[in-house]
Each structure stands twice: as structure tokens, then as C-alpha cells.
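> Next come a sequence and a model predicted from it.
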Amino acid sequence: MNDQAYPDALKPQYRLHWYTIERVLGQGGFGITYLARDTNLDQLVAIKEYLPVEVVARGEDGRVRSRGDGQRDRYRWGLDRFIQEARTLARFDHPSIVRVHSVFEFNGTAYMVMRFEEGENFGALLERRGTLPEKELLRVLLPILDGLELVHGAGFIHRDIKPDNIHIRADGSPVLLDFGSARHALGKSRTLTILVAPGYAPFEQYGSNSENQGPWTDIYGLGATCYRAITGTPPLDAITRSKGILGSTREVLVPARTIGSGRYSGQLLAAMDHALEFAEKGRPQTVAEWRREILGEVIAKNAAPAAPERSVPVAPEKVAPPAVPPPAFPAPAVPPDHARAGWSGARAPIAWGVAGAAAGAIAIAVFLQMDNPRRDQEEKVKKEQLELDKELTRIQDEIKRSGLELKSLQKEREFDVKRVQEEKERLAELQKQAEKLRTAAAAPRKPSPEPAPLTKPRPRPEMVPIPPSPTPVPLTLAPLVELEPGEAPPVVAMAKPKPAPQADPLAKAEGALARGDYAGAREILVPLAQGGNTQAQVRLAEMYASGQGVSRNYIQAYIWYSLAARGGSTTAPADRDRMARLLQPVEVKQADKVVEGMRAR
Amino acid sequence: MVTRVFMVRGGRWLAGWCAVLAMLAAGCITDAQKRGAIDDINKAFRVDYEAILAEKGTRVYKVTRAEAYDAVRVSLARLGMIVEAQDPVLGYVNVYAPAPRPLSVEEWQQAAAADLPRTREIIGPHVGIYRHFFNFEATGLETVISGTVVQGPAGTEISFTARMRETAPPQSGFPRREYLPPTAVRMGLDKMWTEVEREFKATYRRP
């Protein structure tokens, strides 16, 4: 395995107490899972390392450190949740729940040691097979329900149920992996939409408030997993569904009972549709309740006749038609005996038909006549409803826009605070140099052949205070030593005060990054970085290091970190060294030449 | 990274059998043995690679930086490489293509044939007789080349480095190597310099 694909991962043969890392099993945004060997018991284990790369980086010594002071609390909070999750999981001993052996802190982060399960990921299995027959699906679903019931009973919710988080052992039994504490870890401030699995996460998981989450949240995830298993595609994501529901009062998700009719039992399809109800209150509230629906012990609350009750456009190539088309109307009633007695022979059906048609025509005419005012009323209500829907959409857009602006402003503020801090540090450095300068100036000079002219006492240099406001402060330096006219300045190397970085374009770039407009951010950052702005250089380097909006390129990241380090960035040297470890020594030399070339220019 | 070539000119069935045998052979070797073998190849190839780059990886031309940069880009494109990242201000260009590009299949077979005996010798102490089943794999790999252009006192300095990038897991069961076979590096560099100089001559009529 080439671990260059996982630059943040621990190297093979790395020792974590008595565990030896063998290789990386996978990496997500919140951590890396390794295959490791327990050298005491001589058995393979899976070890999950808490490593949210957004807020931490690994140092040369393997230790994990937060990317800045601002991230430290966030990281610690997430780490505590990770450890807590491990402790909670360790209490469960169920074949369908991943077995946690232990958890320990090491390298500035935490490691969760789990049983290594061989077999196939359920997501991969579905990818390979497309759909599953009911029997096989139940063989996966029911054991998972048993395990989940145990977990829910302990007041714990998985929050990330999807095919990729279910593992199928060689004997066909399933095991639920990857509980969602990691999401909590960054959920405090990170956009939640990127923390949930689209299609498998219910609408309540898109909000920052977790109060309305519960067993029904996991039931939705499992319902969606079943939907994927019978249709070949996951359900529409909850946001799209919400737009459908709020925008037109019509459900846009094709119900399972429409797609799976004739191929799967009605009770299973009804239970799936119940689990996939948009509103959390509309779903089964407990696993036990849902299991009873699946097994047909009770009828799902939303169980309906086989005909789709929701008026939805259905792509014909995607949806299998029901095996037996449901009758559009109830079967005609058998005519009563006394009627049959009065009409006999071949004329009887004709007479019945004529009479029926006449009665129908009269009924329609009467209905149309009588129903006009009611229809007007309905149209009026519909119109009002439409207006209200439009207003609601407008308000939703407004909220979304405000959210984005707020986020952008928060980023700008964070950046400003960081910059003020850097300027303070730079000022402190200059203060030190000023002190040296004063010492040098006050030192007795060698007697010169001619008496030196008297000089006035030199006033103490005044340092410009940094106001507490986060608004950008241009760094100005008061003259350190007042010289007499004609007096040569003392020969002490002075750091040339750098011009303050342009706050506005950088803030704009940060705003663009927050909005996910990487191309826009890059357009702003590149000229700034080329012009020597260290903040822009660091930001650009980060983009190249993470592949954010650009092709991941460690050489470019190394070059920009190096330039920023030379420009005085305090964080860049460590990041530059981290990049260097990912490059070949000759590539580092090559990049160093580019840096030299840039400096020379 | 491991690159494989079938030097057998016979039918595809023979190549297929070789692959099966190689896989079977790889299955008989423990992971630790494979790792040890690949580590040794990496060490040896790295020494060669760095020596080759010291000798052939950098050249200085009496042209401007912009002229050199353009020539590098054009030459690499002419060799079938695709630009992945570029920054003319830095003087950096990064290109890639499915292996064995920039070498042709024939050139690659030639390079692999030249390096295979030594490679098998290197891994012999780890895998014993199974060394004979080791081959270079060219599938599931991309060649990635980084070119830089820096203005120096004597002229404009052009440098190249190369590495392999994995796009699919290896079929052989052996882990991927990090360094390219030395003969392939040498041949690749020769090809690139030839193209660069051809470009200079064609455009500016000065080497």
C-alpha cells in the first residue's frame, strides 16, 4: 500500500504502545482508521485515530497539534467527545455493533481500538449487485435493528447510518460501524451540510440543533439504506425534499411502495415509507415499533393501497411498474335479484347501461352546477397558498443569504484578530530591537580625536499601541532614536517594518473561501501572494496542500509555505516542513531553487 | 512503485498466465518479505535516481526565463503530458500522463528489460526463488513530472523531477515502489531535453 495517498497517516510499523500500524484502512475528514497488529495478543485490530485535519496537523514527531490557538478548544471538545463515544461503545457487546476494545490518548490525540472485521462493506456490495432481494435485505436489516435498539436504549444515537457504515462479515452477518461522534466534534462550527450523508440523513440533521434528533433519526438512515437496496439509488436528499414539500406542498420522493411493488412485500415497503417520512414525528419513534411494521405485526401508519397516493412525476426507466395494476375504481356491484327479475334476455344489460349513463350524466351536470362556488373558493385558497409558498421561499433564501454573509463576516473577523495578534508579536520584536538599539546608543563610545559635540538627552521611543478593536491597524513605527542633525545613525541592523497586509482583498478571499468559491478566492490570493503577502501565501499553500479548489500539489504548497516562512509567518515553517516530508529530497531541492529565485526577484 | 511489462511477444494468453503465476507467487510471500523487498528496491533506485538527476536533471540556457518556461511547457505537451498545475510567476509547471508516457511502449519495454535483472537481484534475499516472478507493472500508474525555471547569474536554469502516481491498486500483490527504474528516468530525461532544445532551436535559433 502506498501511504502517500494518506499524507497525514502514521507510517507502517509505527508503534502505538503494543500496537504496530500495518496500513491505512481509510480516511475521513475526522480521522484515519488503520489496520494494526496487537503484538501482545498477536491479532489484527482496527484503530481509529481522531484527526480532524481541518483543525489539526501532525508534527514531525508524530504528535498532533491544533492549527492555531483558535482551534485548540474546538479540537479538545471534539477529542473529549471521541473518547466519550469510545467509552460508551465499549459498553455494548452485540454482534451487530462494532466491538470497541479500548481507547487511549497518545500523540496529542486519541485512538479507539476496535475488532478488525473482515468481509465486505455493504455500500460496496450494493454497488456491485445493484439491488438486493427482500430475504437478503432482511438478513442485514434485522440484526442491525437489534444492535441499534441496544444503543438507543443507552441513550445513544448513531447519526450516520448509511450503506458505507455497515460491514458484512464473511458469514453474511452485518456490523454497524463508525458512530457519529466525529460529526459532533466539528459540528459546533462547521457547515452541517457537509457533515451528513445526503440521501441518508433526515432533515433534522441539517440543523445545528440536535434536540429534535432521536431514534427516528437513525430509523430514517436505515429506511434510506433499505431504499437504496431495493431501488439501486439512495432517496433524494432531505434538502431537496424540503424544497418540494415547502414549495409545492407535494412530496418529491417516489415512495418505496411505488418502486418496489410486486418485488417486495407490502409490509416492508410500507415500513420503509414510514421510516422515510419527512417529519420526524411522522416516523416510527422506536426501533421496536418499526421492527413490528417490517415483520407485519402491525400496519405502518402511512400504509396505503398499492396505488401511489402522492402525485409525483416518475421516471419510467427508473421505476418498475406495479406487477398487478391496481383497480382504478371499485368493482361494479352485482345487480340485485329483483332488478334482474324484471329484465331478462339480451336487452337487460343494455337497458342497465343506458340507465346508468343517463344517471351519471345527470349527476355530473348537477355536481358541476352546484360545485361552482366551492371551486371558486378552492381556487382562491390555492392562489393564496401559492402566494404564501412564494413568500416562504423568499424568506428561506433571505435566511440562507444572511447565514452566508454572517459566516463571511465571522471569517473576516477571525482573520483580523489573527492579524492584530501577529502585528502585536511583530511590535514586541521591534520593541526588543529598540531596546538593543538604546543599549548600543548608550554604550560609551571610543574617544575621538576631536571632542564630540554635546547632544540633547534622547527621548524614550514611544510604541504605537494596538487598539483592542479587530479592525485592521496599519503598523506605524515611531522614530526609535532622535538624532541630531548631521549625526550618523548607529550601525545596528533594523528590521524593516513591513507594510501592513491589505486587509480588504484578503478578507474578500476568506469570504469567498467560506462560500466555497475557491476559484474566486484563488484569483484574489495569487496576485497578493506573488506580491509578497504572507497571509495570502499561507492561504494559497493551504489550498494546494489540501487540494481545496485546486489540484493537490505538495510542491506548490511547499513553495508558498517557504515564501511565507521567509516573510515572517510564524506558522508557515512547520507546515513547510510537513510538506517537505511528503516530497522527494530532490523535489525539495528543486522547490528551494524556485523559492530562492522568487526571493532574488 | 512497481511497474510491469510483459516482454513476451507471444499471444496475450501467455501474458495472462504470467500474471496469474506472478499473483500466485506473490501470494506465497509474506507481507513482511514483500515490504523488505520493496524497501530495498526503493533504497537502490533512490540512489540511482538522485545521481541521474544530479547529472541530467538540470540544464542552464542563455534564454530568458519566459522563453524557457514556454519551451518547457510546449516540450512536455509534445511528449503527451497533460498540464495539471502551472505558475509562470513561480516558474513551475506540473504535468502528468498515464505511464509509460513520456516513454513509448517500446522504450518502456527496453528500460524495464534493462533494469529487471538488477531489481530481481536486489529482492532475491527477501523473496528467494519468487524473484523470478517479479515484473514491472505499468498499469494503474501515472507519470508525474515537475519542471521548474529559475533565473540564475549564468542563464536560465531548467530542472525536472519525476515520480509515479498510483491510480489503481497493484495487481501483483507487491506494494508500489516510490522511485522509477533508473533506465526509464535516464531515457525520459534524454527525451525531455531533446524536445526542449528542439523547441529553443525552432523558436529562437539559439541553444
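Okay, I see it. Residues are numbered from 1 along each chain as shown, chains lettered A, B, ... in the order given.

> of all of chain B, which residue lies closest to chain A?
Closest contact between chain B and chain A, by Cβ to the nearest Cβ, is at B:Val150 (3.8 Å). C-betas here are computed from N, CA, C, even on glycine.

> What residues does that residue make contact with?
Shown in contact with B:Val150 (Cβ atoms under 8 Å, 6 or more residues apart in numbering or on different chains): A:Lys593, A:Val594, A:Glu596, A:Gly597, B:Arg65, B:Gly91, B:Thr156, B:Glu157, B:Ser159.

> Show me the residues you listed that map onto strands.
B:Thr156, B:Glu157, B:Ser159 (DSSP state E).

> separation between A:Tyr561 and chain B?
Applying Cβ to the nearest Cβ, to the nearest Å, the value for A:Tyr561 to chain B is 13 Å.

> what sits against that residue?
The contact partners of A:Tyr561, by Cβ under 8 Å, 6+ apart, come to A:Gln537, A:Val538, A:Ala541, A:Ala545, A:Ala572, A:Pro573, A:Asp575, A:Arg576, A:Met579.

> and the residue nearest to the last one when sequence neighbours are not counted, what helix or strand is that in?
In other words, A:Met579. Distance criterion Cβ to Cβ, 6 or more residues apart in numbering or on different chains; nearest residue to A:Met579, sequence neighbours excluded, is A:Tyr558 at 4.0 Å. Assigned by DSSP states H and E, A:Tyr558 falls within helix A:554-566.

> Check B:Leu189 too.
Of the helices and strands defined by DSSP H and E, B:Leu189 is found in helix B:182-204.

> residues in contact with that helix?
B:3, B:45, B:48-49, B:52-53, B:56-57, B:59, B:61, B:63, B:67, B:70-72, B:74-76, B:78-79, B:100, B:102-103, B:107-108, B:110-112, B:114-115, B:143, B:145, B:158, B:160, B:162, B:180, B:206-207.

> how about 7 Å then?
When contacts are defined by Cβ atoms under 7 Å, 6 or more residues apart in numbering or on different chains, helix B:182-204 is touched by residues B:45, B:48-49, B:52, B:56-57, B:59, B:61, B:63, B:67, B:71-72, B:74-75, B:78-79, B:102-103, B:107-108, B:111, B:114-115, B:158, B:160, B:162, B:206-207.

> Any of the residues you listed buried? List them.
The neighbour-count test (16 or more other Cβ atoms under 10 Å in any protein chain shown) marks B:45, B:48-49, B:52, B:56-57, B:59, B:61, B:63, B:67, B:71-72, B:74-75, B:79, B:102-103, B:107-108, B:111, B:115, B:158, B:160, B:162 as buried among the contacts of helix B:182-204.

> Assign the residue of chain B closest to chain A to helix, strand or coil.
With DSSP: H, G, I helix; E, B strand; the rest coil as the basis, B:Val150 sits in strand.

> Switch the contacts of A:Tyr561 over to TSV; also include neighbour count, secondary structure and pLDDT.
Output for the contacts of A:Tyr561, formatted as TSV (neighbours: other Cβ atoms under 10 Å in any protein chain shown; DSSP: H, G, I helix; E, B strand; the rest coil; pLDDT from 0 to 100):
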residue	neighbour count	secondary structure	pLDDT
A:Gln537	26	helix	92
A:Val538	22	helix	91
A:Ala541	28	helix	92
A:Ala545	24	helix	87
A:Ala572	21	helix	89
A:Pro573	14	helix	90
A:Asp575	23	helix	88
A:Arg576	24	helix	92
A:Met579	26	helix	90
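
> which of the residues you listed lies closest to A:Val53?
A:Ala545 (9.7 Å; Cβ to Cβ).

> the helices in chain B, which residues?
B:12-27, B:31-56, B:65-78, B:105-127, B:182-204 (DSSP state H).

> Next: the stretch 1-150 of chain A.
Using DSSP state H, counting those that start in this stretch, the helices of the stretch 1-150 of chain A run over A:69-90, A:122-129, A:134-153.

> Report pLDDT for the residue nearest to A:Tyr14 when sequence neighbours are not counted.
Once flanking residues are discounted, A:Tyr14 sits nearest to A:Ile21: 4.4 Å by Cβ to Cβ, 6+ apart. Note for A:Ile21: predicted pLDDT of 93.

> Flag every residue of the stretch 351-500 of chain A that's near chain B.
By Cβ under 7 Å from any Cβ of the partner chain, no part of the stretch 351-500 of chain A sits against chain B.

> Could you list the low-confidence segments of the stretch 351-500 of chain A?
A:351-378, A:380-382, A:384-385, A:388-417, A:419-420, A:441-500 (pLDDT under 70).

> can you tell me which residues contact the residue nearest to the residue of chain B closest to chain A when sequence neighbours are not counted?
In space, and not counting its chain neighbours, B:Val150 is closest to A:Gly597: 3.8 Å by Cβ to Cβ, 6+ apart. Shown in contact with A:Gly597 (Cβ under 7 Å, 6+ apart): B:Gly91, B:Val150, B:Gln151.

> so how far is A:Ile559 from A:Gly597?
The spacing between A:Gly597 and A:Ile559, counted by Cβ to Cβ, to the nearest Å, is 10 Å.

> can you check A:Ser66 too?
Taking Cβ to Cβ, one finds A:Ser66 at 25 Å from A:Ile559.

> what about these two, which has more around it?
A:Ile559 (31 against 18; other Cβ atoms under 10 Å in any protein chain shown).

> Show me which residues of chain A sit near chain B.
Within chain A, the positions adjacent to chain B are A:1-2, A:5, A:530, A:551, A:553, A:555-556, A:559, A:584, A:586-587, A:590, A:593-594, A:597-598 by Cβ under 7 Å from any Cβ.

> Surely A:His158 touches A:Tyr220?
No. If you go by Cβ atoms under 7 Å, A:His158 and A:Tyr220 don't touch, sitting 11.1 Å apart.

> quick one, which of those two is more surrounded?
A:Tyr220 (27 against 24).

> so is A:Gln590 in a helix, a strand, or just coil?
helix.

> show me the residues around A:Pro284 that make contact.
A:Trp216, A:Ile219, A:His274, A:Ala275, A:Trp290, A:Glu293 are the contacts of A:Pro284 under Cβ under 7 Å, 6+ apart.

> rerun that using 10 Å as the cut-off
The contact partners of A:Pro284, taken as Cβ atoms under 10 Å, 6 or more residues apart in numbering or on different chains, are A:215-216, A:219-220, A:223, A:271, A:274-275, A:277, A:290-294, A:298, A:300-301.

> Also A:Gly520?
Shown in contact with A:Gly520 (Cβ under 10 Å, 6+ apart): A:Lys508, A:Ala509, A:Gly511, A:Ala512, A:Leu513, A:Gly549.

> a helix runs through A:Glu423, doesn't it?
Yes. Under three-state DSSP, A:Glu423 falls within a helix.

> That one: how many residues sit nearby?
As a burial measure, A:Glu423 scores 19 neighbours (other Cβ under 10 Å).

> Turn the ones in strands among the contacts of B:Val150 into a markdown table, including neighbour count, pLDDT and distance to A:Leu41.
Output for the ones in strands among the contacts of B:Val150, formatted as a markdown table (neighbours: other Cβ atoms under 10 Å in any protein chain shown; pLDDT from 0 to 100; distance: Cβ to Cβ, whole Å):
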| residue | neighbour count | pLDDT | distance to A:Leu41 |
| --- | --- | --- | --- |
| B:Thr156 | 22 | 94 | 61 |
| B:Glu157 | 20 | 95 | 56 |
| B:Ser159 | 22 | 96 | 51 |
